[in-house]
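Novice: mind looking at a prediction? Sequence and model below.
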Amino acid sequence: MPVKGAASEPAVIEPSLTAAVEPELETEEPLYAGRRKIYPQSVQGTFRRIKWAVLCITLGIYYGLPFIRWDRGPNAPSQAVLIDFPGRRFYFFFIEIWPQEVYYFTGLLILAAMALFLMNAVAGRLWCGYLCPQTVWTDLFQAVERLVEGDRREHLQRERGPWTVERVARAGIKHFLWLMIAWWTGGAWVLYFSDAPTLVRDLATFHAPLIAYIWIGVLTCTTYFLAGHMREQVCLYMCPWPRIQAALTDEHALNVTYRYDRGEPRSSVKKSALLRSQGASVGDCVDCLQCVNVCPTGIDIRDGANLGCIQCGLCIDACDAVMSKIGRPAKLIAYDTDLNIKRRQQGQPQRFDIMRMRTVFYAAVIAVVGAIMLYTLATRHAAAISVIHDRNPIFVRLSDGAIRNAYTVRIINKRLQSREFALAVAGLAGSFVDVIGASASKGGPPVLSVGPDQTREFRVLVTNYNDTLPSATPVTFHIVDLATDERASAADHFRGP
Ligand code: SF4
Ligand code: SF4
């Protein structure tokens, strides 16, 4: 299906429904059109209920998650989800991510992208219509607006009238409530970066760090303007996803579709009843514009696929209500494909191909990446070692003829208790290992202590008397937890002349 770019009066597509557009007329369209304010009407129905449910769940998670506690034992934060910049950790319930493990975020990004592509391949802009933060907060702001200013008709009438005390009061209350929601949205954001109850107390008593107030201010402003004032403008002009989505979709993806094979030719309720009684061919659309009035981006879905359509499904609810009133079957607007419309027009059965090459591919990538991440999380070690060979000098010859190499060995202890590790170097027979500042078990390998949840560096000297070694001999540094026998190792080289 061809898709035109969105303009302030969103562009439309369905050559079979609209009169052919003269190319020269297209070029005469102004490059800029002022914003047409939209007053979406309230609507009841299945998709509206789904949207309310998604709104409550997503906002409930966002505002409530920082207050959920998770016992990790003493000396560890008890917040279930915490981005701990000073401690350089990310906590997510039982998962603790160290800076060395940021590859998990790469996996998460791949999962998120594939989930988005899969949603798009199955049912178009599910993300935009139900889950996108811009959609969710705009929905909330519009609900507040309807509560204070009234539904579409009442709001429109008041806006066209003079400024009265009541109008000023209603506008003031609305903007106050918007600002309160925006402020709490910014407030909730900073709670993910510090212990939430403590930070709430510090914010209230003005003892919180300045950066927390700055971030709350920034997010209050962005939420207030994006959800209160810019609304559909963000989707139409700022967000790149509609363009990307249009390139990724195919003719089998379900989209909110006006079934013009059923709806056309459209006419008024009275006229269509009359024509129907005369046995004339008439469509189900009664041109009531209810689908347009409820649309949060102000488009007419009957004009065809449109970048301005966020696929929220509210026009389906509106049209279903109209169809029910006039005694016609529901789903004149529905999740469907243009391919099906054409098949029905040709007398062929409609087809819904959810299992396609691309949906199977996206689902397979999600399954494989998810499985790898789960496996690595389940088998991750609580101890790790890394080794850096001294660059200059690469080796030194001692007065007794021995060759000595120096290394910086870093040991990570991810447990919340202090641990002692025995260090050994394998691959170099007859070598001696010394660690500056470490205790040595009698006659045994050096023992290195690392505090709870810490990383510690050691200077390690390896000495060998074998004069016939090659210039680079592979060696492996092993550590063994003396209490649990947990092991880790890292490879390097022993250099010589
Ligand atoms: S709500 Fe349904 S009947 Fe009314 S204009 Fe839209 S498509 Fe036609
Ligand atoms: S056309 Fe329908 S599905 Fe698309 S944004 Fe408007 S109301 Fe939502």
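Specialist: Arrived safely, thanks for sending. Numbering: from 1, shown residues only. Ligands and ions are numbered 1, 2, ... in the order given.
Novice: any low-confidence regions in the protein?
Specialist: Applying pLDDT under 70 to the chain picks out residues 1-29, 439-443.
Novice: any idea which element the residue nearest to the spatial centre of it lies in?
Specialist: The residue lying closest to the centre of the chain (C-alpha atoms, centre = their mean) is residue 112, at 6.4 Å. Here residue 112 is covered by helix 103-123, with elements defined by DSSP states H and E.
Novice: what comes up buried for that helix?
Specialist: 104, 107, 110, 114-123 (16 or more other C-beta atoms under 10 Å). In short, each C-beta sits where N, CA and C put it, glycine included.
Novice: residue 119 contacts residue 127, doesn't it?
Specialist: Yes - the criterion here is C-beta atoms under 8 Å, and residue 119 meets it with residue 127 at 5.7 Å.
Novice: residue furthest from the geometric center of this structure?
Specialist: residue 400 (62.9 Å).
Novice: which parts of this protein sit against ligand 2?
Specialist: Contact residues (C-beta under 6 Å from any ligand atom) of the chain with ligand 2: 256, 294-297, 299, 301, 309-315.
Novice: any idea how far residue 366 is from ligand 2?
Specialist: 26 Å (C-beta to the nearest ligand atom, to the nearest Å).
Novice: so what's that residue up against?
Specialist: Contacts for residue 366 (C-beta atoms under 8 Å, 6 or more residues apart in numbering) come out as 111, 114-115, 118.
Novice: can you list the buried residues in the longest helix along the chain?
Specialist: Using DSSP state H, we find that the single longest helix of the chain is helix 165-190. With burial defined by 16+ other C-beta under 10 Å, the residues of helix 165-190 counted as buried are 170-171, 174-175, 177-178, 181-183, 185-190.
Novice: and it, what does it pack onto?
Specialist: helix 46-64, helix 133-149, helix 210-223 (3 or more C-beta pairs under 8 Å, 6 or more residues apart in numbering; DSSP states H and E).
Novice: tilt between that helix and helix 46-64?
Specialist: 60 degrees (axes from the mean of the first three to the mean of the last three C-alpha atoms, to 10 degrees).
Novice: before we move on, which element is residue 432 in?
Specialist: Residue 432 belongs to strand 431-435, assigned by DSSP H and E.
Novice: I'd like to know which elements that strand is packed against.
Specialist: strand 419-426, strand 446-450, strand 454-464.
Novice: change it to 6 Å
Specialist: strand 454-464 (3 or more C-beta pairs under 6 Å, 6 or more residues apart in numbering; DSSP states H and E).
Novice: how near is whichever residue of the stretch 101-250 of the chain sits closest to ligand 2 to residue 367?
Specialist: When scored by C-beta to the nearest ligand atom, the stretch 101-250 of the chain has residue 129 as its residue closest to ligand 2, at 6.4 Å. Relative to residue 367, residue 129 is positioned 25 Å away (C-beta to C-beta, to the nearest Å).
Novice: higher neighbour count, the two?
Specialist: residue 129 (22 against 11; other C-beta atoms under 10 Å).
Novice: mind checking how far the more buried one is from residue 430?
Specialist: 71 Å.
Novice: and what of residue 313?
Specialist: Residue 313 is 75 Å from residue 430, by C-beta to C-beta.
Novice: with residue 482 instead?
Specialist: 25 Å.
Novice: repeat for residue 497
Specialist: 17 Å.
Novice: residues near the closest residue to ligand 2 within the stretch 351-497 of the chain, how many?
Specialist: Nearest residue of the stretch 351-497 of the chain to ligand 2 (C-beta to the nearest ligand atom) works out as residue 352 at 18.5 Å. By other C-beta under 10 Å, the residues close to residue 352 number 12.
Novice: name the nearest residue to it, sequence neighbours excluded.
Specialist: Nearest residue to residue 352, sequence neighbours excluded (C-beta to C-beta, 6 or more residues apart in numbering): residue 254, at 7.2 Å.
Novice: that neighbour and residue 335 touch, don't they?
Specialist: Yes - taking contacts as C-beta atoms under 6 Å, residue 254 lies within contact range of residue 335: 4.3 Å.
Novice: contacts only, for the residue of the stretch 301-450 of the chain found nearest ligand 1.
Specialist: Ligand 1 sits closest to residue 319 of the stretch 301-450 of the chain, with a gap of 3.4 Å, by C-beta to the nearest ligand atom. Contact partners of residue 319, counting by C-beta atoms under 6 Å, 6 or more residues apart in numbering, are 291, 332-333.
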